[in-house]
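# What would the 3D arrangement of this be:
(chains A and B)
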Amino acid sequence: MSIESFYEYPAGVALSRFLEGLRLGRLIASKCSACNHMIIPPRAYCLKCYRPIKEYQIIGEEGRIVTYTRSLINIEGKPANPPVTWVFVKFEGVDGGLLHVLDSTINPQIGMRVRPVFREQRIGSILDIKWFTAV
Amino acid sequence: MRKRVAIVGAGMTYFRSMLPMTPQEMVFEAARKSLDDCGLEFKDIDAVVSGSAPDAFDGYHHKGLVGVEPSGAYGKPYSRVFVGGGTGVGVAVAGWWHVASGAFKRVLVVAWEKMSHPYPHAQPLFKTIFDPVIEQPLGPNLIWIFALEMRRYMEAHKLSKELIARVAVKNKGNALDHPYAQLGAKITVEDVLKSPVLVWPVHRLDISPSSDGAVALVFASEEEAKKITDTPVWIEGVGACLDSQFWTNRDLAYPYYVYLAAQQAYKMAGITNPLKEIDVFEPYDPFTYKELHHLDALLGKPGLAPKLLAEGQLERDGDYPTCPSGGLLGVGNPIAAAGLMKVAELYWQLSGRAGKRQVPNACVGVAQAWGDLMQVAQVVVCRS
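Here you go, the predicted structure:
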């Protein structure tokens, strides 16, 4: 059988701030006004003290690679050409982190310092970041 | 006052890549065998607890209904438990609540999965588990989550792919002695490393297969268990724990949530030193490194499992037999059924019915499953 259906997802209060930040070429985290805990991607509630989030803050765009992988297959299980390098990047003083693609010319290392490369045309999407590249 | 709960019967179907049976037929076969194992009939069962993973595999929703007729649940309380890949052990934990609460005396616990319905493969269905706003646009596949975690785990303990590959060699070898296994095989570390790299560092032979299959267990209260069998296996502890669904918020090198779930179960069972007190370990092994990752947490010692593996201690005749069944890598991975297979293995091992797989003098065992968005831990501790 096949199912034809369409879905529309609102980004919500917190992620809308994040996506608007990407459109402007910035990384936005949420900051708890009660306990100062910061997290990216931002949440509408604090994961430490469970109070509503009222502040959003631009963070420094330089992060470090926590782990990485190189996918030789695509979602259909067919060879990915070229292979894609995925990275998990954490930012100093901010909880959470971002999953994204790494510049294909870079040989990844755990702990390597990286920054996002924004596209010229941005629409408010995670794909406004082209990829991360070495600092 | 909590009631004691025993496993008194077990049954399962073959695990295969494409069983020519409907889900109803698989559930019936497993349920019938579990009741025959302990001499009960469907009419003797007070309630049924069922488990099956995502509806997307079948392409129809509320598929819990599929299990009602073949498990004889008409006219009885019936529920479907769902915690993703953790469902198989989660359904045993929920079955335990039913009896431990004193509400029911004899409960049928059944789990099934039919992963061969979607074609060409079930794998693309997993893309819908990712966050639709910030992850799906990147085009992730399921394996890369595991690849990122495996890489982090290797870094934390300086592990080689050669060592991790030994989990596949061990489990597929153990599965040769499991009569229902899909992928029992005598392979070498070299075979694993020469199999295609799918998402580095994960090779094809590091991954369990997709499978069809069903498993059923019969649970009974202490009073009933003593009437039914001379070899009850007691569920002495259960634990369940969650971590953040956002895996950017988890410690990728150590599944702390598995540790917490295990500690809940050990506390209930009076176990203070799992390394000394547990005879059989069945950690969840959908990928080679996951067996070690989970065993670290079951033992409460990050990095210990790979050392025990290197020393040969995790073999069936080692000091810490791990996945003597053959695990998901060897027996197969029909998601919910695979987890319950691990609890069934404890029943067979601890009641002395594991045949060629028997671990000598096995009295205490732990089974664990993991899943959802890779942050659910479900743990059961049994004693004969």
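# how about low-confidence regions in chain B?
The model of chain B has no residue with pLDDT under 70.
# ranges for the strands of it?
Ranges of strands within chain B are B:5-12, B:47-51, B:78-81, B:106-114, B:197-200, B:202-203, B:212-221, B:233-242, B:280-282, B:364-371, B:376-383, based on DSSP state E.
# Shouldn't A:His100 be within a strand?
Yes. Assigned with DSSP: H, G, I helix; E, B strand; the rest coil, A:His100 falls within a strand.
# correct me, but it touches A:Thr85?
No. The pair A:His100 / A:Thr85 is not scored as a contact, 9.9 Å apart, by C-beta atoms under 8 Å. Every C-beta, even on glycine, is put in place using the N, C-alpha and C of the backbone.
# Would you format the strands of chain B as TSV with mean neighbour count and distance to chain A included?
Formatted as TSV, the strands of chain B follow (neighbours: other C-beta atoms under 10 Å in any protein chain shown; distance: least, C-beta to the nearest C-beta, whole Å):
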stretch	mean neighbour count	distance to chain A
strand B:5-12	26	28
strand B:47-51	28	23
strand B:78-81	20	21
strand B:106-114	30	14
strand B:197-200	22	4
strand B:202-203	24	8
strand B:212-221	30	17
strand B:233-242	22	13
strand B:280-282	27	26
strand B:364-371	28	18
strand B:376-383	29	18
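# and the stretch 151-300 of chain B, which residues reach chain A?
B:151-152, B:155, B:196-202, B:244, B:246, B:248-249, B:252 (C-beta under 8 Å from any C-beta of the partner chain).
# Setting the sequence-adjacent residues aside, check what's closest to the most centrally placed residue in chain B.
Residue closest to the mean C-alpha point of chain B, counted by C-alpha atoms, centre = their mean, is B:Gly339 at 2.1 Å. Counting by C-beta to C-beta, 6 or more residues apart in numbering or on different chains, B:Gly339 lies nearest to B:Gly88, which is 1.7 Å off, once chain neighbours are set aside.
# residues contacting that neighbour?
B:51, B:111, B:215, B:335-343, B:369, B:378 (C-beta atoms under 8 Å, 6 or more residues apart in numbering or on different chains).
# Enumerate every residue touching the residue nearest to the centre of chain B.
B:51, B:85-92, B:111, B:284, B:367, B:369, B:371, B:378.
# ok, now how distant is it from B:Val376?
Here the criterion is C-beta to C-beta, to the nearest Å. By it, B:Gly339 lies 11 Å from B:Val376.
# in chain A, which strand has the most residues?
Counting by DSSP E, the longest strand found in chain A is strand A:79-91.
# Other residues contacting it?
A:27, A:29, A:40, A:59-60, A:62-74, A:96-102, A:104, A:106, A:108, A:114, A:132, B:138, B:140, B:144, B:147-148, B:248, B:252.
# so of those residues, which ones are in helices?
With DSSP state H as the criterion, helices contain B:144, B:147-148 from among the contacts of strand A:79-91.
# possible to save the residues you listed as JSON lines with neighbour count and distance to chain A?
Output for the ones in helices among the contacts of strand A:79-91, formatted as JSON lines (neighbours: other C-beta atoms under 10 Å in any protein chain shown; distance: C-beta to the nearest C-beta, whole Å):
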{"residue": "B:Trp144", "neighbour count": "23", "distance to chain A": "5"}
{"residue": "B:Ala147", "neighbour count": "26", "distance to chain A": "4"}
{"residue": "B:Leu148", "neighbour count": "22", "distance to chain A": "5"}
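# For B:Gly355, state which of those is nearest.
Lowest distance from B:Gly355 to those (C-beta to C-beta) belongs to B:Ala147, with 36.0 Å.
# give the contact list for the closest one.
A:69-71, A:86, B:199-202.
# Neighbours of the closest residue to it other than its chain neighbours, how many?
Excluding its sequence neighbours, the residue lying closest to B:Ala147 (C-beta to C-beta, 6+ apart) is A:Thr69, at 3.5 Å. For A:Thr69, the number of neighbouring residues by other C-beta atoms under 10 Å in any protein chain shown comes to 27.
# go on, A:Pro108?
A:Pro108: 19 surrounding residues under other C-beta under 10 Å.
# interface residues of chain A facing chain B?
A:1, A:3, A:7, A:9, A:11, A:15, A:18-19, A:39, A:41, A:47, A:66-77, A:86, A:88, A:90, A:95-101, A:110, A:125-127.
# Let's see the ChimeraX selection covering just the buried ones among the residues you listed.
Of these, the buried ones go into a single ChimeraX selection, burial set by 16 or more other C-beta atoms under 10 Å in any protein chain shown:
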select /A:11,15,18,19,39,41,47,66,67,68,69,70,71,72,73,86,88,90,95,96,97,98,99,100,101,110,126,127
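# Which of the residues of chain A next to chain B fall within strands?
Per DSSP E, strands hold the following members of these: A:39, A:66-73, A:86, A:88, A:90, A:95-96, A:98-101.
# OK, now which residue of the stretch 201-350 of chain B is nearest to chain A?
B:Thr248 (4.2 Å; C-beta to the nearest C-beta).
# which ones are touching that residue?
B:Thr248 makes contact with A:88, A:90, A:96-99 under the criterion C-beta under 8 Å, 6+ apart.
# hmm, 6 Å instead?
A:96-97 (C-beta atoms under 6 Å, 6 or more residues apart in numbering or on different chains).
# same check, this time on A:Ile106
Taking C-beta under 6 Å, 6+ apart as the test, what A:Ile106 contacts is A:Ala134.
# ok, 8 Å please
A:85, A:112, A:133-134.
# what's near enough to touch B:Phe219?
Per C-beta under 8 Å, 6+ apart, neighbours of B:Phe219: B:5-8, B:95-96, B:98-99, B:106-109, B:235.
# Which strands border the lowest-mean-pLDDT helix or strand in chain A, and is each parallel or antiparallel?
In chain A, no helix or strand scores lower on mean pLDDT, DSSP states H and E than strand A:79-91, which sits at a mean of 91. Next to strand A:79-91 in the sheet, as set by DSSP bridges, lie strand A:63-73 (antiparallel), strand A:98-101 (antiparallel).
# Those strands: which one's closest to B:Arg357?
Of all these, strand A:63-73 comes closest under C-beta to C-beta, at 33.9 Å.
# That closest one: how far from the chain's middle?
Chain-centre distance of strand A:63-73: 13 Å, with C-alpha atoms, centre = their mean, to the nearest Å.
# got the CA positions of that strand in PDB?
Extracted in PDB, the C-alpha atoms of strand A:63-73 (Å, rounded to 0.1, in the frame of the first residue of the first chain):
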ATOM      1  CA  GLY A  63      32.100  25.400  18.600                       C
ATOM      2  CA  ARG A  64      33.900  22.100  18.900                       C
ATOM      3  CA  ILE A  65      33.300  18.700  17.300                       C
ATOM      4  CA  VAL A  66      32.000  16.200  19.900                       C
ATOM      5  CA  THR A  67      31.700  13.300  17.500                       C
ATOM      6  CA  TYR A  68      31.400  12.700  13.800                       C
ATOM      7  CA  THR A  69      30.600  10.100  11.200                       C
ATOM      8  CA  ARG A  70      30.800   9.600   7.400                       C
ATOM      9  CA  SER A  71      27.700   8.300   5.700                       C
ATOM     10  CA  LEU A  72      28.400   6.200   2.600                       C
ATOM     11  CA  ILE A  73      24.700   5.600   2.100                       C
END
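# now it: mean pLDDT?
Per-region confidence: strand A:63-73 scores 94 on mean pLDDT.
# And the closest residue in space to B:Ser351 that isn't next to it in sequence, how far from A:Pro79?
Computed as C-beta to C-beta, 6+ apart, the closest residue to B:Ser351 that is not its neighbour in sequence is B:Thr231, at 4.2 Å. Using C-beta to C-beta, B:Thr231 is found at 52 Å from A:Pro79.
# Pick out whichever of the two has more residues nearby.
B:Thr231 (16 against 12).
# Isn't that one up against B:Ser384?
Yes. Counting by C-beta under 8 Å, B:Thr231 touches B:Ser384, with 7.4 Å between them.
# Look up the residues that both of the two are in contact with.
B:351-352.
# how about low-confidence regions in chain A?
Applying pLDDT under 70 to chain A flags residues A:1, A:3.
# Tell me which residue lies nearest the centroid of it.
So for chain A, C-alpha atoms, centre = their mean, it's A:Leu98, sitting 3.3 Å from the centre.
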